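K.L.:
would you be able to build a 3D model of this:
(chains A and B)
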Amino acid sequence: AQKVTQAQTEISVVEKEDVTLDCVYETRDTTYYLFWYKQPPSGELVFLIRRNSFDEQNEISGRYSWNFQKSTSSFNFTITASQVVDSAVYFCALSEAGGQGGSEKLVFGKGMKLTVNP
Amino acid sequence: DAEITQSPRHKITETGRQVTLACHQTWNHNNMFWYRQDLGHGLRLIHYSYGVQDTNKGEVSDGYSVSRSNTEDLPLTLESAASSQTSVYFCASSFTRGINEQFFGPGTRLTVL
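P.N.:
Residues are numbered from 1 along each chain as shown, chains lettered A, B, ... in the order given. As a prediction, this is how the structure comes out:
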């Protein structure tokens, strides 16, 4: 069965600090996809990144970076030089490929609330 | 611009009443999903659909039903609302081909008294 664990439930940092959000997943499939979503205080869910199981290259997008390690079943998210606008709940999610050829259902972690203080 | 909308955004109802939450997307996505978000649980899948006339149960489907009569809409019905169904409900949709990110609606906050 699929499972996503975000062990940290809440983190508080001071602006400009770097912060890493951990995500550990479980799946029996060899083909799967990992996602990160952001939920700011306004409540909407914002897609950040998708990574498939065959691509272990790390990715950097501005102050955001992601470290995917299949050996430890982890897909961690780092925010460099955090800003107040980064304050949000962050969700890691997993989707297994297959089914009817479309997007499979997502299994979400419980989320991690990040507060960035000025 | 294409979008996904939910209505109502807030609803208060009483135990035992039937409630329907609407979800409408204009992307022409075949895949649509309903989730509920509760503190300490993250988002959990209620029902999903891969196309017209297709519906499937998710992790927490008891007490909920959906129907898909067209591509754009996937209404979620609570047959007899219970206080345990007080939650924030999110609808999402995604492209059919490949595994793609899901686009989420703004959410509906439902309170069952």
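K.L.:
what strand or helix carries residue 90?
P.N.:
Unless you meant another one, I'm taking chain A. strand A:88-96 (DSSP states H and E).
K.L.:
hmm, I had chain B in mind actually
P.N.:
Per DSSP H and E: strand B:87-94 holds B:F90.
K.L.:
now do that strand: which elements does it pack against?
P.N.:
strand B:4-7, strand B:19-25, strand B:31-38, strand B:103-104, strand B:108-112 (3 or more CB pairs under 8 Å, 6 or more residues apart in numbering or on different chains; DSSP states H and E). Heads up, the C-betas are built off the backbone N, CA and C, glycines and all.
K.L.:
out of those, which is the most enclosed?
P.N.:
Most buried of the helices and strands packed on strand B:87-94 by mean neighbour count (mean count of other CB atoms under 10 Å in any protein chain shown) is strand B:31-38; its value is a mean of 24.
K.L.:
how many residues are close by B:L43?
P.N.:
27 (other CB atoms under 10 Å in any protein chain shown).
K.L.:
residues of the strand or helix carrying it that come out buried?
P.N.:
With elements taken from DSSP H and E, the one containing B:L43 is strand B:42-51. Buried residues in strand B:42-51, counted by 16 or more other CB atoms under 10 Å in any protein chain shown: B:G42, B:L43, B:R44, B:L45, B:I46, B:H47, B:Y48, B:S49, B:Y50.
K.L.:
isn't the third one up against B:W34?
P.N.:
What that stands for is B:R44. No: counting by CB atoms under 8 Å, B:R44 does not reach B:W34; the two are 9.9 Å apart.
K.L.:
what sits in contact with each of the two?
P.N.:
Residues touching both B:R44 and B:W34 (CB atoms under 8 Å, 6 or more residues apart in numbering or on different chains): B:G58.
K.L.:
closest one to A:S74 among the helices and strands packed on strand B:87-94?
P.N.:
With CB to CB as the criterion, A:S74 lies closest to strand B:31-38 of the helices and strands packed on strand B:87-94, at 23.8 Å.
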